[in-house]
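# Can you look at this prediction? I've put the sequence above it.
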Amino acid sequence: AQTVTQSQPEMSVQEAETVTLSCTYDTSESDYYLFWYKQPPSRQMILVIRQEAYKQQNATENRFSVNFQKAAKSFSLKISDSQLGDAAMYFCAYRSAGTYKYIFGTGTRLKVLA
Amino acid sequence: GAVVSQHPSWVICKSGTSVKIECRSLDFQATTMFWYRQFPKQSLMLMATSNEGSKATYEQGVEKDKFLINHASLTLSTLTVTSAHPEDSSFYICSARGSGTSGSNQETQYFGPGTRLLVL
């Protein structure tokens, strides 16, 4: 069975600085999708970024980028120029290509310091 | 695009009563919707997957007779918590698989804002 591990329960970053959130996963599959979702205090889950495993190029969305290392089964999220609005819980999620179900990590709480 | 709504956002009920939560995809058709439960400071736990026009598939350990799921149309799924008890108090979140229209991606789930249930 697939598993997703987020080893950092909490992280802090100074406003305007860069922070990297870690995510590792375990799977025997070769075709899958990986996601980062943000859950602010409102608790609305917001898609941050998506990565298809078959793509070698790392996904980027404005200030958010990932470092996808398929062989190492690692999928970290880098947030550049951190803003106060980035403060939230961040969940890493895995999805097999053959199913639409997600497997979520336990989350990392990001604090942004002014 | 890809907006999912939930209603109500907050519900308080007495023990023994039933509560219905609606999940709607507002600008796209969702053949597949998901229901999650989230306890405070924890991750999302998948309860069931519902496909339009067919019975929901429940995850192991989830009581299907207690959590009734109906997906009668391509834009609406409902979760009914039957005979609710205080231990059912939680945050319930639905999501919908994108359809490839209205800016939604078919490989991605789009989440509703959640419903907080408190059973007294």
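Received the coordinates, thanks. Residues are numbered from 1 along each chain as shown, chains lettered A, B, ... in the order given.
# List the contacts of the residue of chain A found nearest chain B.
Nearest residue of chain A to chain B (CB to the nearest CB) works out as A:Met45 at 3.7 Å. Bear in mind the C-beta positions are built from the backbone N, C-alpha and C, glycine included. Applying CB atoms under 8 Å, 6 or more residues apart in numbering or on different chains, we find A:Met45 in contact with A:37-39, A:91, B:44, B:93, B:95, B:111.
# Three-state assignment for A:Gly85, please.
Three-state call for A:Gly85 (DSSP: H, G, I helix; E, B strand; the rest coil): helix.
# and it, what is it in contact with?
By CB under 8 Å, 6+ apart, the contact list for A:Gly85 reads A:40, A:112.
# show me where chain A has strands.
A:3-5, A:10-14, A:19-21, A:24-26, A:32-39, A:46-52, A:60-61, A:64-69, A:74-79, A:88-96, A:102-104, A:108-113 (DSSP state E).
# Check whether the fifth one comes near chain B.
The one in question is strand A:32-39. Yes. Contact of strand A:32-39 with chain B (CB under 8 Å from any CB of the partner chain) involves A:33, A:35, A:37.
# Of those, which is the most crowded?
Using other CB atoms under 10 Å in any protein chain shown as the neighbour criterion, A:Tyr37 leads the residues of strand A:32-39 next to chain B with 26 neighbours.
# thinking that one is in contact with A:Ile49, fair?
No. A:Tyr37 is beyond contact range of A:Ile49, at 9.1 Å (criterion: CB atoms under 8 Å).
# now B:Ser77: how far from chain A?
Per CB to the nearest CB, to the nearest Å, B:Ser77 is found 14 Å from chain A.
# just checking, what packs against the helix or strand where that residue lies?
Assessed by DSSP states H and E, B:Ser77 sits inside strand B:76-81. Strand B:76-81 sits against strand B:19-25, strand B:32-38, strand B:67-73, strand B:90-97, with contacts defined as 3 or more CB pairs under 8 Å, 6 or more residues apart in numbering or on different chains; DSSP states H and E.
# Contacts for it, please.
For strand B:76-81, contacts defined as CB under 8 Å, 6+ apart pick out B:18-24, B:30, B:33, B:35, B:47, B:50, B:66-72, B:88, B:92, B:94, B:96, B:117.
# Of those residues, grab the buried ones for PyMOL.
Buried residues among the contacts of strand B:76-81 (16 or more other CB atoms under 10 Å in any protein chain shown), as a PyMOL selection:
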select buried, chain B and resi 19+21+23+24+30+33+35+47+50+67+68+69+71+88+92+94+96+117
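# From the contacts of strand B:76-81, list the ones also adjacent to chain A.
Counting by CB under 8 Å from any CB, nothing from those sits close to chain A.
# and chain B, which of its residues are near chain A?
B:32, B:34, B:38, B:42-44, B:46, B:49, B:91, B:93, B:95, B:97, B:105, B:107-114.
# separation between B:Gln6 and B:Glu22?
When CB to CB, to the nearest Å is the yardstick, B:Gln6 and B:Glu22 sit 7 Å from each other.
# that's a strand at B:Glu87, yeah?
No. The assignment for B:Glu87 is helix, going by three-state DSSP, so no strand is present there.
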